[in-house]
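Colleague: Got a sequence here, can you build the structure:
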Amino acid sequence: MKKILLGGYYGGNNTGDEAILRATIDTFQAIRPDLSFTVVSHAPVATEKRHAVQAVNWRDMPALAKAVSQADLVLIGGGGLFMDYWGLDEDSYFRVTHGGISTYGTLALLADAFDVPYILHGVGVGPLDSKAAREHTRRIFSRARLATVRDAESLALLEDIGLKPLPEQIRLFADLAFSLESSPIDLNKAAERRIQLGLDQKTPLLGIAIRFWDRPEPPTVWIPHLAEAIREFLTESRANALLLPFQVGSEGQLTDDLQLSRSLASEIDLPRQICVLDDVLKPGEMQAMLGQCDLILGMRLHALILGLNNHIPVIGLAYDSKIASLMKQAGLGEFISPVLVDHQRLTQMLTLASQEKISLSAKIKAYQEKMQALVNENIQLVLPILDAHRSVPSYANLHGFLIERLAQMQTMDAVLLEKETRIQALSAEAVEARNQATLLDLRLKEIESSKTYRLALLVQRLRNVLIPPNSRRETWLRSLQTLSSRKAQH
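Modeller: I've put the predicted structure just below:
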């Protein structure tokens, strides 16, 4: 039985990434039922339960290295993995502090060390603003046995960072979620859920999927504009709206679609026409729930893709270039809006998409089927690489890997030594400060016990009795002192 290790942003309770994972497993197993999978996950127990696979914690380096060494193929992707919105720490490889590019670079370097082929599978690239991010991404792609990206912009960026002309193994394909299938059970659950939410089957339904984003404007700025456009559309069309969170996590605002959805619903202020789904659905269920909608407005990329899988017209709120890229590829360039919307323009888009639903659905169906075929074609390119692997690690690779890791450890030791020296200096300063504080405390007690201090305290008390603070007497005394001071100056 061949073993594939899957690496991506899995186990983070993000419906889009879970859709990629589910679609990847299902598509491979439909062709090769004998494959087994291990998933690198943020929540291994939940991933094993949900997807019936083995899983390893993404920050457990020994377990991760063991999983790579036992694999016949390391499959990194899909999703928008190669970007530096939040920077890149070049020293975080193989450490619990790794994240973003260094997370996927760690998998790639481990695969090289154990002579296991790795593939980048339907990934997105960009933005790459820093020199370090561009260099690390270029290196990871150049060493991959096969690398497929999900949009033309990602391919162009790879050329821009130095992979020009593009090597033969780097190709343009499709997002893996285009092959996601909803089961009959998923479809039945979605229909039942709509009834439970009180959303009439005969009333048009607008699906909405937003996320937190504060570049360049925070949600407090763009939410009111978005709410105004949706309110106007719902009022004019007499449609209902369903807000669907695609991620509810514990990593702060960036992973809390539910709270933001509630804020938007409150701002729209049409309680009889709008519902907020309180939980994150499994990928197949979410796709089926989106299938209940007549129109979808989405910031979340995979809300748009799962909508397209249902052949439903979608409107993209382009917080990132990947949204605009998808919409243009699907022939829906006229239905792209910035996050800070022109509410009249967005209302017009919603109305037009609703009116032209039949013709748009036909166009979307043709596009979706093309993307699904590309996903299957991608799988066919992967299988020969998987079958050709023999579990015989190259000692040259292991030697090079060991030398690089020793160099990394030496650099880390130097940093730690510098920090320890600084801690020792600060500790010495703290001891000196405590000694000074002790001496000052003794001196204060000595002063307080002296006859002079007691006499001064007595005089102060008498003064407060004769001239109470903030009294007329004190005000009068201050006036005399001021007058006396002025006369002395003249």
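
Colleague: low-confidence ranges in the stretch 301-450 of the chain?
Modeller: Filtered on pLDDT under 70, the stretch 301-450 of the chain yields the residue ranges 391-396, 398-400, 402-403, 406.

Colleague: Any idea how far the lengthiest helix in the chain is from the middle of the chain?
Modeller: Secondary structure of the chain per DSSP state H: the longest helix is helix 395-448. Put simply, helix 395-448 sits 34 Å off its chain's centre (C-alpha atoms, centre = their mean, to the nearest Å).

Colleague: Counting by contacts, list what it packs against.
Modeller: Packing contacts for helix 395-448, counted by 3 or more C-beta pairs under 8 Å, 6 or more residues apart in numbering; DSSP states H and E, involve helix 101-113. Every residue, glycine included, has its C-beta placed from N, CA and C.

Colleague: how is this protein carved up into domains?
Modeller: Domain assignment for the chain by automatic domain parsing gives 3-173, 184-370, 411-478.

Colleague: isn't residue 68 right up against residue 116?
Modeller: Yes. In this structure residue 68 lies within contact range of residue 116 using C-beta atoms under 8 Å: 6.0 Å.

Colleague: Mutual contacts of these two, please.
Modeller: Common neighbours of residue 68 and residue 116 (criterion: C-beta atoms under 8 Å, 6 or more residues apart in numbering): residue 74.

Colleague: show me what contacts the residue nearest to residue 18 when sequence neighbours are not counted?
Modeller: Nearest non-adjacent residue to residue 18, counting by C-beta to C-beta, 6 or more residues apart in numbering: residue 283, 5.1 Å away. Residues in contact with residue 283 (C-beta under 8 Å, 6+ apart) are 15, 18-19, 22-23, 177, 180, 306.

Colleague: same question, residue 191
Modeller: Residue 191 neighbours (C-beta under 8 Å, 6+ apart): residue 292.

Colleague: go again using 10 Å as the cut-off
Modeller: Contacts of residue 191 were listed using C-beta atoms under 10 Å, 6 or more residues apart in numbering, and they are 201, 288-289, 291-292.

Colleague: One more: residue 309?
Modeller: With contacts defined as C-beta under 10 Å, 6+ apart, residue 309 is in contact with 19, 23, 177-182, 287, 290-291, 302, 364-365, 368, 371-372.

Colleague: And residue 20, by the same measure?
Modeller: By C-beta under 10 Å, 6+ apart, the contact list for residue 20 reads 6, 8-10, 14, 77-79, 121-123, 150, 175-180, 283, 302, 305.

Colleague: Surely it is within a helix?
Modeller: Yes. Residue 20: assigned to a helix according to DSSP: H, G, I helix; E, B strand; the rest coil.

Colleague: separation between the residue nearest to residue 18 and residue 273?
Modeller: As judged by C-beta to C-beta, to the nearest Å, residue 283 and residue 273 stand 27 Å apart.

Colleague: before we move on, what about residue 241?
Modeller: For residue 241, the distance to residue 273 equals 6 Å [C-beta to C-beta].

Colleague: Got phi/psi on residue 79?
Modeller: Backbone torsions for residue 79, taken as degrees, to the nearest 10, come to phi 110, psi 170.

Colleague: wait, isn't it in contact with residue 16?
Modeller: Yes. Between residue 79 and residue 16 there is a contact at 7.3 Å, judged by C-beta atoms under 10 Å.

Colleague: Pull up the overlap in contacts between these two.
Modeller: By C-beta under 10 Å, 6+ apart, residue 79 and residue 16 have these common neighbours: 9, 175, 177, 301-302.

Colleague: out of those, which are inside helices?
Modeller: Among the shared contacts of residue 79 and residue 16, the members falling in helices (DSSP H) are 301-302.

Colleague: want to try TSV for the shared contacts of residue 79 and residue 16, with neighbour count as columns?
Modeller: As requested, those are exported to TSV (neighbours: other C-beta atoms under 10 Å):
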residue	neighbour count
9	23
175	30
177	30
301	25
302	27
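
Colleague: nearest to residue 473, of the shared contacts of residue 79 and residue 16?
Modeller: Comparing those against residue 473 with C-beta to C-beta places residue 9 closest, at 74.2 Å.

Colleague: Name the SS class of the closest residue to the closest one other than its chain neighbours, please.
Modeller: Using C-beta to C-beta, 6+ apart and skipping residues adjacent in sequence, the residue nearest residue 9 is residue 17, 4.6 Å away. Of the three states, residue 17 takes helix under three-state DSSP.

Colleague: OK, contacts around residue 17?
Modeller: By C-beta under 10 Å, 6+ apart, the residues touching residue 17 are 8-11, 42, 78-81, 177, 246-247, 283, 302.

Colleague: want to try a markdown table for the shared contacts of residue 79 and residue 16, with distance to residue 421 as columns?
Modeller: Formatted as a markdown table, the shared contacts of residue 79 and residue 16 follow (distance: C-beta to C-beta, whole Å):
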| residue | distance to residue 421 |
| --- | --- |
| 9 | 38 |
| 175 | 50 |
| 177 | 51 |
| 301 | 47 |
| 302 | 49 |
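
Colleague: Among the shared contacts of residue 79 and residue 16, which one sits closest to residue 466?
Modeller: Using C-beta to C-beta, those come closest to residue 466 at residue 9, 76.1 Å.
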